[in-house]
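> Here is a sequence with its predicted model. Questions after.
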Amino acid sequence: MIEKYQLKHMVKYLCKIVGVSRSGYYNYFSVKSQEKRIRKDEKDEVVKEIIIKAFHFKNRKKGARQIKMTLAGQFNVVYNLKRIRRIMKKYSIICPIRKANPYRRMMKATHEHRVVPNLLKREFKQEVPGKILLTDITYLFYGQGKKAYLSTIKDASTNEIVAYHVSDRITMDLATETLLKLKKNRRFHKAKNAFIHSDQGTHYTHPDFQKLVKKLGLGQSMSRRGNCWDNAPQESFFGHFKDEASIKACSTLDELKKEIKQYMTYYNHYRYQWNLKKMTPVQYRNHLFQAA
């Protein structure tokens, strides 16, 4: 009886410390509550398997929002974000963390290089496909200490990557070849008063690049010096790309190019985006054309 009495007061004391009622404590260890938790764990196991399918869809790891949109778009399954995040936390389903873009200017501009005004002024979403194009270059480290460079052109209204070029050299061809690939892209339709926006890097102030821009019938715009926010969506793409693409696993430049090509297809056609009404870039592009 004394032991029982002491145990009762010990429970009372511990419940007071942790801030729970004694009835809640005893209820937690009741047969009914234990059975309820077992049923919940069984349901969570089922949900976990479905979430993992979305998490690994197209072999690209995803965060909670991406999982929610992929479940709805590819598996016709609707879970709320709170549930998805709870399951991810419970089973340690870890989403990738974005990294900063390490691209820096490689050469000093000469007197022939010309900086142009900032026409964009951060008005990225104008809901007109083919009007505002963003371009930039980033480093890619792969294999055993190898380095390559990726140049992309992104449609600011749809987030679609409309052209890209990969090289192991950071010469002027890196930027101009990307423009030529834009010209060859039959799915790209240039809008009225379209222009391309970049930083003030030497590739974009170079006369050869600027002449080709004019030849393609595009205007040109540049960010203010040292202001990364003026081209934030392009930086954002590079962050997602480096988290989700298997770059380091590539051992040759050809393998790297193959992985990038597969990722671009995934990004444009299968990667749902919250700010595109939960559509993929291609879906959103078609949506804007239909609404016009």
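Great, that's in hand. Not measured: the values here are computed from a predicted model.

> all helices for the stretch 1-150 of the chain, in order.
2-18, 22-28, 31-55, 64-74, 81-90 (DSSP state H, counting those that start in this stretch).

> Disregarding flanking residues, what is the spatial nearest neighbour of Lys131?
In space, and not counting its chain neighbours, Lys131 is closest to Ala191: 3.9 Å by CB to CB, 6 or more residues apart in numbering. Every C-beta, even on glycine, is put in place using the N, C-alpha and C of the backbone.

> Count the residues that sit near Glu127.
12 (other CB atoms under 10 Å).

> Output the helices of the stretch 1-150 of the chain in JSON lines, with mean neighbour count and distance to Gln200 appended to each entry.
Shown next, in JSON lines, are these (neighbours: other CB atoms under 10 Å; distance: least, CB to CB, whole Å):
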{"stretch": "helix 2-18", "mean neighbour count": "10", "distance to Gln200": "59"}
{"stretch": "helix 22-28", "mean neighbour count": "12", "distance to Gln200": "62"}
{"stretch": "helix 31-55", "mean neighbour count": "13", "distance to Gln200": "39"}
{"stretch": "helix 64-74", "mean neighbour count": "20", "distance to Gln200": "33"}
{"stretch": "helix 81-90", "mean neighbour count": "15", "distance to Gln200": "39"}
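
> and of those helices, who's closest to Tyr284?
helix 64-74 (12.0 Å; CB to CB).

> Against which helices or strands is that closest one packed?
helix 31-55, helix 81-90 (3 or more CB pairs under 8 Å, 6 or more residues apart in numbering; DSSP states H and E).

> Give the rounded mean pLDDT of it.
Helix 64-74 carries an average pLDDT of 93.

> And for stretch 185-199?
pLDDT averaged over stretch 185-199 gives 92.

> Over to stretch 274-286?
Rounded mean pLDDT across stretch 274-286 is 95.

> which residues touch it?
65, 69, 72-73, 129, 155, 157-161, 267-273, 287 (CB atoms under 8 Å, 6 or more residues apart in numbering).

> Is it correct that Lys248 is in contact with Gln144?
No. Using CB atoms under 8 Å, Lys248 makes no contact with Gln144, being 9.8 Å away.

> Tell me which of the two has more neighbours.
Lys248 (14 against 6).

> Let me see the backbone angles for the more buried one.
Main-chain torsions, Lys248, degrees, to the nearest 10: phi -60, psi -30.
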